[in-house]
Structure formats: structure tokens, C-alpha cells
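Asker: got a sequence here, can you model it:
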Amino acid sequence: MSEYRSGFAALIGRPNAGKSTFLNQVLGQKIAIMSDKPQTTRNKIQAVHTQTDGQIIFVDTPGVHKPKHQLGEYMVKTALDSLSEVDLALFFIDVSEPFGRGEQFILDALQAVKTPVFLIMNKIDKIHPDRILERIEEYRHYGTFAEIFPISALRDQNVEPLLEHIYKYLPEGPQYYPEEQITDHPERFIMAEFIREKVLGHTHDEIPHSIAVIIDEVLERENQKTYVQATIVVERQSQKGIIIGRNGSMLKAIGQEARKDIHALLGTDVYLELWVKVQKDWRNKSHFLHEQGYSDKE
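Answerer: The predicted structure is shown next:
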């Protein structure tokens, strides 16, 4: 009988390196939100991959960036702190983007950890195959990696071999989560993230990092429909107008798209009611950040 291997793997990288796409691909179900805008991931997303002889608990960290407010500082600290708590670090890069100060910042942080580091060269579908070897050689000059894996999380290229190698690096250990569980986040958190994703997708640069989503109420109705009430929090009155849109058109579109994802998550019909509220400068208010789960305390 083969030994059971289990452990924790942190995903780290600049914003938009494709970490959330990778997680959703591995799980075969959407739990992490995706956007072409930076700083999409704010909390550590625990995602669980289980097979007959092992289990990987993925910790998806916020994209590392230069912080401009308390929320940004929390996000970077969360990302870097997670490296000391795991069995393996997966450093994601967008292989179609040139090496920059962001990658150097992460590599410097990785020097201080004893955890094995995999370099995950994501988005190989965006470059010519001949360039992949060039990028591998380039990164070999920047750091020492236990493994280097070119993948396309979006196209599911080389993802399965990567999983096999991750399992080889994990210690012998217990099954931490039941086989059917794919995340430790409550459904309310995932619902709020789905709504935030739709706001990110519909709004311009002045909005994305200024919003939070609070699930106010979830009620199961007798007619097999789930009633969800949520509030989108913004920092300025002008942002409230943008999200509501002309005659409520923007808020309606956000609600319709989010409802589909929530329906897929819960497996029931969903009635989603959205409100928009102004909370000035919330990203720099410690008490509000703590209420939303952003805290330095574990």
C-alpha cells in the first residue's frame, strides 16, 4: 500500500499571473475570482485537491504589489507570511511579460525561505514555443528552483504533470479535509467574491480597488429558492453612481451575472438583491478592514 502524502502549497506571484485560473482549473469548479485588473485576490483562498493517495491544500495569496493603503499592506504581508507556513511554494509568472521589479521583489523574499520553490511559467499559450526555452534559461539566472514548469492554466496544458510533481514533494501526512470538500471558505465568502468579480468586470480603473462586498442575508425559501441580499461598499458618491448605472442598468447586469455563479455554487434557484453604500476611505479604516476579515491576527 502506497503512503498517503499531504501538505500545503502556497501560490505566489504578481497580480494577473494566473493563480486563480490555475486553482479553478485544478478543482474543476470556480471558487477563485478572475479579472484582468490587478489586486483581484485579497484573502488567502484555501483550495483542496484530493486523490486516492494524497491531498494538496493550496493557499492562493494576494498578488504581490507595492502597497498604497492599509488594505494593500495587509495583502502583501499575507502573501509573504504564507511562505513560512507551507511545504511548497509555487511562484507564478506570466511568461509573456518581461522580468521586472515585481518578480525581483518576490525572488528576494523567496531567498529567505527554506521551502522548495517551483517556478510556474504560466500562459505559454500566449507565446511562440521557441520562446519558452529562452524564458526558462533567463529565469535560471535569477534564482534556484526545485522545478520549472511551463503551463497554460487556461488551456489545461501541463497542469496534470505539475500536480503529480507537487505530490512528490509533499510529506507523508493525514487527509486534512473530507474528499468532497474543495475549499474551507464559507459559501457567503464565495458569493461575495462572485459579486465583486462582476463589478470588476463591468467597471473602469477608478472603481476596482475601492469596493468591498458584504453578504447581509441568505434565506432558504419554501419554494426551493435562495434569497441573497448583498451590499456593495464604495468609497465615493461618484463611484456609487457608476455601479448603479443609468436607470440601474449596471447594477442589474452585475446582479444577473453574479446570480448565475451563485446558482452554480448552491445548486438552487437564486433571488439576488443588491444595494450600494458609500463608506468613505474604507481601505484605510482598520475597524472596517477587520470586519471584512482583513486582519494581521490569525
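
Asker: who's in contact with P161?
Answerer: Shown in contact with P161 (CB atoms under 8 Å, 6 or more residues apart in numbering): F149. (Each C-beta comes from the backbone N, C-alpha and C, glycine too.)

Asker: number the chain from 331, please
Answerer: Right, with 331 as the first residue, what we last looked at is P491.

Asker: which of the three states applies to it?
Answerer: Secondary structure for P491, judged by DSSP: H, G, I helix; E, B strand; the rest coil, is helix.

Asker: any idea how far it lies from I481?
Answerer: 9 Å (CB to CB, to the nearest Å).

Asker: chain center to the helix or strand hosting I387, what's the gap?
Answerer: For I387, the element it lies in under DSSP states H and E is strand 384-390. Centroid displacement of strand 384-390 relative to its chain, using CA atoms, centre = their mean, to the nearest Å, is 13 Å.

Asker: isn't there a helix covering S414?
Answerer: Yes. Counting by three-state DSSP, S414 is part of a helix.

Asker: okay, now the closest residue to it other than its chain neighbours: neighbour count?
Answerer: Distances taken as CB to CB, 6 or more residues apart in numbering put V443 closest to S414, at 6.2 Å, once the chain neighbours are dropped. Residues contacting V443 under the criterion other CB atoms under 10 Å number 14.

Asker: is V443 in a helix, a strand, or coil?
Answerer: coil.

Asker: can you pull the contacts of it?
Answerer: L413, S414, A419.

Asker: which of those lies closest to I496?
Answerer: A419 (10.9 Å; CB to CB).

Asker: so that closest one touches L440, yeah?
Answerer: Yes. With contacts defined as CB atoms under 8 Å, A419 counts as touching L440 at a distance of 6.6 Å.

Asker: compare those two (neighbour count), which wins?
Answerer: Using other CB under 10 Å, the more surrounded residue of A419 and L440 is A419, with 26 against 19.
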